[in-house]
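Novice: Here you go, sequence then predicted model.
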Amino acid sequence: MYIYINNRIVEEKEATISPFDHGYMYGLGLFETFRVYDGHPFLLDDHLERLKRGLSTLSIQWDMTREDILTTLKQLMTKNKIRDAYVRLNVSAGPGELGLYTGVYNHPTTIMYIKPLPEPSGFPVKEAQILALRRNTPEGEERLKSHHYLNNVLAKREVGDTPYKEGIFLTNDGYVAEGVVSNVFFVNNKKVYTPALDTGILNGITRQFVLSLLKHLDTSVVEGFYTQSELLESDEVFVTNSIQEIVSITSIGEKQFQVGEGTLTRHLQQLYRQKTSSLWSRFAL
Ligand SMILES: C=C(O[C@@H]1C=C(C(=O)O)C=C[C@H]1N)C(=O)O
Ligand SMILES: Cc1ncc(COP(=O)(O)O)c(C=O)c1O
């Protein structure tokens with residue numbers, strides 16, 4: 001596969017970064033993962049807004065524009081002959097001295113990873129399990145989509161290498177947080193619940209889009225602190241992320257949940273799929 005790194009598109013094996021990149025040395029890097037549907041990068045504006053806001057909090061100067069990203073993306077898809085893709089846009093601090101740095105990073109490293117995805121078909125379902133490993137707290141004021149994924153990797157190892165199961169973190173206080181790589185929603189008596197951002201979770205772009213969809217449907221949503229029991233007593237559970245979309249959860253342990261036709265989850269899945277070929281932002285709903 002070809003990859004983009006700092007204004008060059010090269011074969012994967014030719015892509016290199018400095019061993020003094022503070023993204024490598026100290027985790028000073030952020031990334032956005034988004035999906036391209038037949039050439040259209042879904043909700044790209046929302047992803048770029050979150051990335052730029054995070055980079056400014058880390059004093060990483062990054063000046064690529066939406067047009068730069070679109071041009072690069074088109075070049076990458078042409079070189080790799082793909083139209084449906086998993087894309088990871090990654091910006092790290094760039095090379096620095098040994099030791100912690102408190103100044104501005106003016107020479108960041110920008111990488112765009114890409115891999116093919118099959119055209120979307122059907123609607124995804126998974127099992128889930130409540131993780132024994134607790135969700136860590138954000139490194140700073142809010143959870144950034146940073147290189148700090150050790151908590152997630154250890155959680156994935158607890159679940160195992162299956163693509164058919166998502167792990168669900170609890171906070172240290174025992175409240176439902178988020179999935180290993182997803183946000184969590186549950187439906188009870190037609191009302192929708194999702195963990196509040198104050199639980200320390202990532203404010204997922206898909207989470208934000210689903211909240212916009214639910215507002216569009218005049219469906220009540222409550223963001224809050226929820227126990228494992230409240231989750232398990234619900235009618236429907238689904239998890240969300242920009243690659244897997246909206247995933248119905250069939251069961252957590254012994255508890256089975258409603259899935260498929262007639263559920264609110266399925267309605268949201270259908271609405272989501274209708275939008276993937278055109279929307280740049282949730283605000284365009
Ligand atoms: C960890 C990454 O991105 C996350 C993982 C997924 C996934 O595995 O489905 C999707 C989006 C992100 N939440 C990554 O390395 O891209
Ligand atoms: C821990 C975690 N929560 C939530 C999400 C979902 O985020 P998004 O909807 O922006 O893909 C992800 C995806 O990277 C994640 O890793």
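Specialist: Here it is on my side, so go on. Ligands and ions are numbered 1, 2, ... in the order given.
Novice: Now the residue nearest to residue 154 when sequence neighbours are not counted. Its backbone dihedrals?
Specialist: Distances taken as C-beta to C-beta, 6 or more residues apart in numbering place residue 133 nearest to residue 154, at 5.8 Å, with adjacent residues excluded. Any C-beta I mention is one placed from the backbone N, CA and C, and that applies to glycine too. The phi and psi values for residue 133, taken as degrees, to the nearest 10, are phi -70, psi 130.
Novice: How about the contacts made by residue 133?
Specialist: 151, 154-155, 158, 169 (C-beta atoms under 8 Å, 6 or more residues apart in numbering).
Novice: how does it look with 7 Å?
Specialist: 154-155, 158 (C-beta atoms under 7 Å, 6 or more residues apart in numbering).
Novice: Next: residue 279.
Specialist: Contacts of residue 279 by C-beta under 7 Å, 6+ apart are 42-43.
Novice: Doesn't residue 10 belong to a strand?
Specialist: Yes. Counting by DSSP: H, G, I helix; E, B strand; the rest coil, residue 10 is part of a strand.
Novice: Residues in a beta bridge with the residue in the stretch 1-150 of the chain positioned nearest to ligand 2, which ones?
Specialist: At 5.4 Å from ligand 2, residue 33 is the closest residue in the stretch 1-150 of the chain, using C-beta to the nearest ligand atom. Taking DSSP bridges, one obtains residue 88 as the residues bridged to residue 33.
Novice: swap in residue 2?
Specialist: Beta-bridge partners, per DSSP bridges, of residue 2: residue 11.
Novice: Tell me the spacing between it and residue 272.
Specialist: The spacing between residue 2 and residue 272, counted by C-beta to C-beta, to the nearest Å, is 30 Å.
Novice: quick one on the thing from earlier: quick one: which of the contacts of residue 133 is nearest ligand 1?
Specialist: residue 155 (11.7 Å).
Novice: contacting residues for the closest one?
Specialist: Contacts for residue 155 (C-beta under 7 Å, 6+ apart) come out as 131, 133, 167, 169, 180.
Novice: Recalculate using a threshold of 10 Å.
Specialist: 131-136, 149, 166-169, 179-181 (C-beta atoms under 10 Å, 6 or more residues apart in numbering).
Novice: ok, now residue 182?
Specialist: By C-beta under 10 Å, 6+ apart, residue 182 lies in contact with 126, 128, 166-168, 201-202, 204, 206-207, 238-244, 246-247, 249.
Novice: which ones among the residues you listed are found in strands?
Specialist: Mapping the contacts of residue 182 onto strands (DSSP state E) picks out 126, 128, 166-168, 238-241, 246-247, 249.
Novice: Which ones, among the residues you listed, also lie beside ligand 1?
Specialist: residue 241 (C-beta under 6 Å from any ligand atom).
Novice: now the ones in strands among the contacts of residue 182 as a markdown table including neighbour count and distance to residue 263?
Specialist: Compiled in a markdown table, the ones in strands among the contacts of residue 182 are given as follows (neighbours: other C-beta atoms under 10 Å; distance: C-beta to C-beta, whole Å):
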| residue | neighbour count | distance to residue 263 |
| --- | --- | --- |
| 126 | 20 | 15 |
| 128 | 26 | 16 |
| 166 | 27 | 18 |
| 167 | 23 | 22 |
| 168 | 25 | 19 |
| 238 | 30 | 9 |
| 239 | 27 | 14 |
| 240 | 25 | 15 |
| 241 | 22 | 19 |
| 246 | 25 | 11 |
| 247 | 21 | 13 |
| 249 | 28 | 11 |
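Novice: Pull the most distant pair out of the ones in strands among the contacts of residue 182.
Specialist: By the measure C-beta to C-beta, 167 and 246 form the most distant pair in these, at 17.7 Å.
Novice: near ligand 1, which residues of the stretch 151-285 of the chain show up?
Specialist: 181, 241-244.
Novice: hmm, which of those are the buried ones?
Specialist: Among those, the ones that count as buried by 16 or more other C-beta atoms under 10 Å are 181, 241-242, 244.
Novice: So which of these would count as near ligand 2 as well?
Specialist: 181, 241-242.
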